[in-house]
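Trainee: Fold the following and give me the result.
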Amino acid sequence: MKDKQFIFFDNTDVCALYDSMQDFVFEAYGQDNEWKSKTDIPEDYVWNEVYCHLDEEYDDFTTELDRYLNCGVFLIQGVCGRWNGPAACGRFVRNFEDIRSGIEHLDYIKFYDLNGHFYIEGIHHDGRDKYELKQLTDKGIALAERNWFAHDRELHNKIMQNSNYSKLPRIAHAIYGA
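Mentor: Numbering: from 1, shown residues only. Below is the predicted model of the structure:
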């Protein structure tokens, strides 16, 4: 069976966007600015368009993700690359702000769904991060409540690894019907 990947947002290769954005800028604004070819467009003009496009894409996706996260309780768990080696981490989340606070150190980021699993991968000056998000079932919520939603690796592992306590979020299907 072939893996089914759906990429929600990816700014890990902004250089790849440059050429397509340059084409767009030339088609949309070339005559107004009297540019005779794509190479006449100032680089900073194209880069501004690239980053504007990425900002809009990020805002659109995170707004939809926040709407989805408001419907339940989730657990995000993974590894944060650090200067002294990777560190395991995890936390319970109920909205995108709970996730944002843990990923705002990332310079580049990719959100994607792979066969119903939701992953966040990022790059920063100390290394690479990779996280997975799962939704808690009713039994998972009860277990977390009995443990006061503790910031505890053993509790997080138990929830993430047991289908009685968590389930795949299938965000691509839920948000976009993909």
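Trainee: which secondary structure element contains the spatially most central residue of the chain?
Mentor: Centroid-nearest residue in the chain, with C-alpha atoms, centre = their mean: Phe111, separated by 2.9 Å. Using DSSP states H and E, the element containing Phe111 is strand 108-114.
Trainee: cool, and Phe9?
Mentor: Assigned by DSSP H and E, Phe9 falls in strand 5-10.
Trainee: For that strand, name the packing helices and strands.
Mentor: Here strand 5-10 touches helix 43-69, strand 108-114, helix 171-176, going by 3 or more C-beta pairs under 8 Å, 6 or more residues apart in numbering; DSSP states H and E. Every residue, glycine included, has its C-beta placed from N, CA and C.
Trainee: Ok, which of these comes nearest Glu145?
Mentor: helix 43-69 (18.2 Å; C-beta to C-beta).
Trainee: just checking, next helix/strand downstream of that closest one?
Mentor: strand 74-80.
Trainee: just the angle between that next one and helix 43-69, please?
Mentor: Angle of strand 74-80 versus helix 43-69, following axes from the mean of the first three to the mean of the last three C-alpha atoms, to 10 degrees, is 140 degrees.
Trainee: Not counting strand 74-80 itself, show me its contacts.
Mentor: Contact partners of strand 74-80, identified using C-beta atoms under 8 Å, 6 or more residues apart in numbering, comprise 86-94, 99, 102, 120, 127, 129-136, 140, 144, 156-157, 159-160, 166, 169.
Trainee: and with 6 Å instead?
Mentor: Residues outside strand 74-80 that contact it (C-beta atoms under 6 Å, 6 or more residues apart in numbering): 86-90, 92-93, 129-135, 156, 159-160.
Trainee: Just the ones in strands from these, please.
Mentor: 87-90, 92-93, 129-135 (DSSP state E).
Trainee: Out of these, which is nearest to Asp32?
Mentor: Among the ones in strands among the contacts of strand 74-80, and counting by C-beta to C-beta, the member closest to Asp32 is Asp129, at 41.9 Å.
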